[in-house]
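# How does the following fold in three dimensions:
(2 chains)
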Amino acid sequence: MAQLAVTVKDATTGAALPYVHVEADGVVLTTGLDGAAIFDVPVGSTRTIKVRNVMFRPWSRSVSISSERVEVTASMEKAIM
Amino acid sequence: MKAVIASPFLWPPTQLTYVMANELESLVRGIGWDVIRLQGPQNLRVFFSFVMNSHPDAVLIAYMGHAGPSAFLGEDIFGLGILGVDNAGEVREHVVVGMPACLSAQQLGPALVKAGAKAFVGSREEMYAQWSESEHDYMADWFDYTLTFYKSLVTSLTAGKSVKESLEKALNDYRERCTYYEQLYKQHIQDWPNSDFYLHAVKQNRDFVVGYIR
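Numbering: from 1, shown residues only, chains lettered A, B, ... in the order given. I've put the predicted structure just below:
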């Protein structure tokens, strides 16, 4: 198994965003105080990540798990007026 | 007839509403109105007051940017904003619309109408921006349903309809257009990866927009 580490940040301030909903192919985690959510995934697979918080633009990407640890940063743009 | 369009730029996502305001200006000019713009950094209270004093004949004041329960914030998002409950009398006899803008129907809208504004339209909750994503141009949809409101309102006022009649028709047209996009996003909930968020956004942008008439 590999680790897929998704770190969620505020695109404007660069601050880590805790308590954000991160989904990887139906598996849902919540980011910790460091803004990170870490999934155990098979090496060689592809995962579709969705990051959702009601205050921010949605963030969705497909990621290939090509090594034992893949790190992804989701920079979230403010969505409310 | 004349409209004032206030469109701040500095704080995300007002870069998007600034572009929307450009389209609104073209739309309103196309119907034959004059337009006074408060552009980007001009969205400070001193400029707003100057414009209101200089153009008392403006029928419509349209604000597109950040707002709170008691003020349109303009570029002064940590301060009093350009129009708040404390200077509500500046828009006496005007039709005021805060859209897209968050929360302004909670306190600002009722205060403006109480102070003599002919009408107010805004949202009781947050309003969402929409972006162009890889699978679909949600931003074009957002521009379409928001500008549907303004086009309907300005067209009715130009035709001589009452403020009440014009506002009710514009709100109905707006809600119908939002519902069209709500249904579209529901249809694509499985194959458009961001449609879940935008389904929430368009519903919220529809369901909490209200109008107050003097």
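
# measure A:Met81 to A:Thr12 for me?
Between A:Met81 and A:Thr12 the computed distance is 14 Å (CB to CB, to the nearest Å). Any C-beta I mention is one placed from the backbone N, CA and C, and that applies to glycine too.

# In chain B, spot the helix with the most residues.
Longest helix of chain B, by residue count under DSSP state H: helix B:163-187.

# The nearest residue to B:Pro12 once chain neighbours are set aside: neighbour count?
Excluding its sequence neighbours, the residue lying closest to B:Pro12 (CB to CB, 6 or more residues apart in numbering or on different chains) is A:Lys78, at 5.1 Å. A total of 18 residues lie near A:Lys78 under the criterion other CB atoms under 10 Å in any protein chain shown.

# count of residues packed around A:Thr46?
Using other CB under 10 Å, A:Thr46 has 12 neighbouring residues.

# if I pick it, what's in contact with it?
A:62-65 (CB atoms under 8 Å, 6 or more residues apart in numbering or on different chains).

# pLDDT (mean, whole number) over the following helix or strand past the longest helix of chain B?
Next in sequence after helix B:163-187, counting helices and strands by DSSP states H and E, comes helix B:195-207. Averaging the model's pLDDT scores along helix B:195-207 yields 97.

# Just give me the neighbour total for whichever residue of chain B sits closest to chain A.
In chain B, the residue that lies nearest chain A is B:Phe197 (3.8 Å; CB to the nearest CB). For B:Phe197, the tally of surrounding residues (other CB under 10 Å) stands at 26.

# Quick check, it in contact with A:Pro58.
Yes. Between B:Phe197 and A:Pro58 there is a contact under CB atoms under 8 Å: 3.8 Å.

# Please enumerate the shared neighbours of the two.
Common neighbours of B:Phe197 and A:Pro58 (CB under 8 Å, 6+ apart) are A:Arg52.

# wait, doesn't A:Val70 sit right on A:Met1?
No. Assessed by CB under 8 Å, A:Val70 is found out of contact with A:Met1, at 11.9 Å.
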